[in-house]
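Engineer: Here's a sequence, model it:
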Amino acid sequence: MTTPDPLTLNSWQVIAALDELPPGLVERTILLDTPLAMTRDRDGLPVVWRRTDEETGDEIDPETIFDRLPVTTGYGFVWTSLGTPPTDLFPIPEYAEPDRVNMSCGSIGIHVSAPRAVENFLDMGHFPYVHTDILGAEPHTEVKEYDVEVSEERDEVLATRCRFFQPRAALSATDGMEVEYVYRVPHPYCSVLYKSSPEAPERRDVIAIFLQPVSEERCRAHLLQSMIDSTSTITELRRFQQTIFGQDKPILENQYPKRLPLDPRSETPIRADKSAIAYRRWLSQKGVNYGVIPVAS
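Structural biologist: The predicted model follows:
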């Protein structure tokens, strides 16, 4: 079992949707091969600790938990750390806009590493074949030239000018349209997608995937939507996103190896994979070793 690198240990890691964590009752999870327990106190604030013999559903008085892990909340989720995390999470300013519909779209286990799941999220080439007649369709299979940068100032990977024809870009879409995407990777195990909004073309819907590294070859995908949609219900919006992710899950779980190789020679990239190549290079430069196969020295 790999000992996580210092960056991973000292980062905030997502572990649950806040609205699915009941006050005074224990929920269990695993983070970086470490069993954890969590609950909410009487003020609604999450409490997280290293699990001993607690069972899911046990009643507990949070005031009796003294050896607590760091906790923060952000974007509707609970985040913790096994080390000393920074003060703040990475920013998603759109989440605070008052006319947006913000929601958790579920937490889904995947038998693949967290970096593998991030890389799949960045890939547009699979849209026509995996998300047929929703996010893509033949003969519109070309991934057009786009730009990628690794920003040292913001410490993130950024892909811009990503354009793809989509038959149904969002639940609110009524016709096919060429959609413009922007991808951010502001955390080794998290990615944020901005895409053209059918309802407000001058603005962008936001979809994020926050990966909880359960082990080196397993993760939980926590899905966020921040949408400009005045007609759909939250249930409909969630179902749409879960349909998309349900199509991705078997593809992800059939990838081999389960961990993400960082050596660019280990898998053959194509022009459309520029964002994935930049992401792998960024992880390597940061010294991330958990859920990846490092470049041989």
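
Engineer: can you give me the helices for the stretch 101-250 of the chain?
Structural biologist: 114-122, 127-130, 234-253 (DSSP state H, counting those that start in this stretch).

Engineer: Out of the ones you listed, which one sits most buried?
Structural biologist: Stretch with highest mean neighbour count among the helices of the stretch 101-250 of the chain: helix 114-122 (a mean of 25; mean count of other C-beta atoms under 10 Å). Glycine gets a C-beta too; all of them are placed from N, C-alpha and C.

Engineer: Give me the angle between that one and helix 234-253.
Structural biologist: Orientation check (axes from the mean of the first three to the mean of the last three C-alpha atoms, to 10 degrees): helix 114-122 against helix 234-253 gives 120 degrees.

Engineer: Tell me which residues are up against helix 114-122.
Structural biologist: With C-beta atoms under 8 Å, 6 or more residues apart in numbering as the test, helix 114-122 has contacts from 110, 126, 159, 183, 185, 188-191, 193, 209, 211-213, 219, 221, 248, 251-252, 255, 258-260, 275-276, 279-280, 283, 288, 291-292.

Engineer: Burial check on residue 61, number of neighbours?
Structural biologist: Residues lying near residue 61 (other C-beta atoms under 10 Å) number 10.

Engineer: same deal with residue 41?
Structural biologist: When neighbours are defined as other C-beta under 10 Å, residue 41 has 14 of them.

Engineer: Likewise for residue 86?
Structural biologist: By other C-beta under 10 Å, the residues close to residue 86 number 11.

Engineer: List the contacts of it.
Structural biologist: 10, 11, 12 are the contacts of residue 86 under C-beta under 8 Å, 6+ apart.

Engineer: Pairing partners for residue 183 in the sheet, please.
Structural biologist: Listed beta-bridge partners, residue 183: residue 159, residue 193 (assigned using DSSP bridges).

Engineer: Need the residue closest to the centroid of this protein.
Structural biologist: The chain has residue 209 as the residue nearest its centroid, 2.0 Å off, counting by C-alpha atoms, centre = their mean.

Engineer: From residue 190, how far off is the residue nearest to it when sequence neighbours are not counted?
Structural biologist: Nearest non-adjacent residue to residue 209, counting by C-beta to C-beta, 6 or more residues apart in numbering: residue 121, 5.1 Å away. Separation of residue 121 from residue 190 (C-beta to C-beta, to the nearest Å): 9 Å.
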